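Novice: mind folding the following:
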Amino acid sequence: STSEITCFGSDEGVHASTVKYLFSGHKNGSIDAWNLLANETTLLFTISNAHKSKVTSLTGRSATFFSASEDNYVKVWDLSLKTCGDSKIQHSGKVSNVVVDSDIIFTSSDKILRGFDRCTLEKVFEIELHHNITSLHLDENRNLYTYSKNIRKWNVEAIIDAKISVESRTVNGRKTGSQYYSMPNGKVNFSSEKKRRLHIRTKPRDKKKKGNKKKFRTISSILSDPKQRSAFMQFLKESYADENLSFWIAVQRYREFFLQENVKQEALASLGRDIVNEFIVDDAPHAVNIDSDKRDELEALTESDFTAESFNDTEKEIVRLLESNFLGTFQEKKTNEQEDSTQQTRMLRKIVSISSLSAL
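Specialist: The predicted structure is shown next:
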């Protein structure tokens with residue numbers, strides 16, 4: 001893009017060995033993605049109308065990337081499809097920063113720090129500070145740093161797992177009935193049983209139409225949908241099987257790079273070798289369960305042997321495994337969680353109603 005660059009963001013990838021993208025956001029609302037594997041840094045693609053105003057922050061994670069803008073939106077993009085769809089979060093003001101961990105999307109808008117569930121995009125918490133937040137940083141220990149007039153450190157587990165108190169806010173002597181959540185600052189230790197995030201919705205769920213039955217999705221539709229794929233990844237982590245989806249994501253990226261022009265064969269072979277070492281060899285840190293003959297075949301590939309189709313058969317085998325062993329359980333669990341969340345929302349509304357009445 002010829003527009004002024006306003007921010008950069010890197011792609012964390014699935015594992016450290018897959019860091020190959022660089023994103024640039026522009027004043028005119030466009031986003032560029034750059035290929036760092038080519039002889040010279042090469043433009044992979046441009047999203048011309050990504051936002052209606054200046055892009056303020058970018059970050060990438062696990063085959064998706066996240067953009068914030070002065071148009072009041074944070075958007076979640078699919079790296080392979082270059083699309084956003086309905087994966088966006090509206091704010092009440094300009095969004096200055098977005099950072100992401102495995103569970104939560106953190107954003108800042110003026111003085112407000114917010115957290116959103118990465119799978120559902122539902123708001124998890126909201127904290128108002130005394131001064132405008134100029135920058136966010138998330139470290140490897142899940143500590144979040146907010147930079148405003150002062151630097152504050154927040155333990156992510158404490159923010160997510162703390163008990164939430166519902167308060168009435170008074171404006172000009174009138175109770176607004178708004179829901180505000182008070183959160184602690186600093187590190188708080190919790191038992192392992194409590195280390196699960198609270199599924200509390202800040203907006204009521206639309207009522208289901210009568211006679212509407214829940215439709216289960218196919219494995220291909222889940223893999224092609226950033227929100228569904230993120231939820232599936234979280235489920236696989238809990239099932240100690242996330243290496244399968246991580247492998248699938250790495251192969252999509254590998255194949256995409258192979259289709260680009262001016263990319264060095266040795267760079268592509270290096271990326272292919274990274275995938276073999278990460279997922280295929282017997283002592284790989286994230287080894288997938290595949291046929292031994294196919295494992296030996298991939299291990300034996302030399303630099304000149306790697307092609308765009310090198311991992312096709314293994315990819316199909318992994319997708320079949322995901323479909324047969326995990327898809328059904330994942331969708332049943334998700335349906336049950338949605339039903340539980342609806343009950344929790346109803347209870348929360350009752351508490352708010354009772355609190356408001358008793359305060360009169």
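Novice: Ile133 in helix, strand or coil?
Specialist: Secondary structure assignment for Ile133 (DSSP: H, G, I helix; E, B strand; the rest coil): coil.
Novice: my guess is it contacts Arg114. True?
Specialist: No: between Ile133 and Arg114 there is no contact under Cβ atoms under 8 Å: 10.2 Å. All C-beta atoms are positioned from the backbone trio N, CA, C, and that covers glycine.
Novice: flag the shaky bits of the stretch 251-360 of the chain, pLDDT-wise.
Specialist: 261-262, 338-360 (pLDDT under 70).
Novice: how about the helices in it?
Specialist: Using DSSP state H, counting those that start in this stretch, the helices found in the stretch 251-360 of the chain span residues 265-275, 292-299, 312-322, 328-359.
Novice: equivalent analysis for the stretch 1-150 of the chain, please.
Specialist: Using DSSP H, counting those that start in this stretch, no helices are found in the stretch 1-150 of the chain.
Novice: for it, which segments count as strands?
Specialist: 5-10, 21-26, 31-35, 42-47, 55-61, 64-69, 73-78, 88-90, 97-100, 104-109, 112-117, 123-128, 135-138, 143-147 (DSSP state E, counting those that start in this stretch).
Novice: save those as CSV, and put in mean pLDDT, distance to Trp154 and mean neighbour count too.
Specialist: As requested, the strands of the stretch 1-150 of the chain are exported to CSV (pLDDT from 0 to 100; distance: least, Cβ to Cβ, whole Å; neighbours: other Cβ atoms under 10 Å):
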stretch, mean pLDDT, distance to Trp154, mean neighbour count
strand 5-10, 78, 21, 17
strand 21-26, 85, 25, 22
strand 31-35, 83, 28, 21
strand 42-47, 80, 31, 16
strand 55-61, 87, 18, 24
strand 64-69, 89, 19, 26
strand 73-78, 88, 19, 23
strand 88-90, 90, 19, 14
strand 97-100, 92, 12, 23
strand 104-109, 92, 9, 24
strand 112-117, 90, 8, 22
strand 123-128, 86, 8, 18
strand 135-138, 90, 10, 16
strand 143-147, 90, 4, 17
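Novice: same list (those strands) but as TSV, adding distance to Trp248.
Specialist: Converted to TSV, the strands of the stretch 1-150 of the chain look like this (distance: least, Cβ to Cβ, whole Å):
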stretch	distance to Trp248
strand 5-10	22
strand 21-26	17
strand 31-35	20
strand 42-47	20
strand 55-61	16
strand 64-69	14
strand 73-78	14
strand 88-90	25
strand 97-100	20
strand 104-109	22
strand 112-117	23
strand 123-128	28
strand 135-138	25
strand 143-147	29
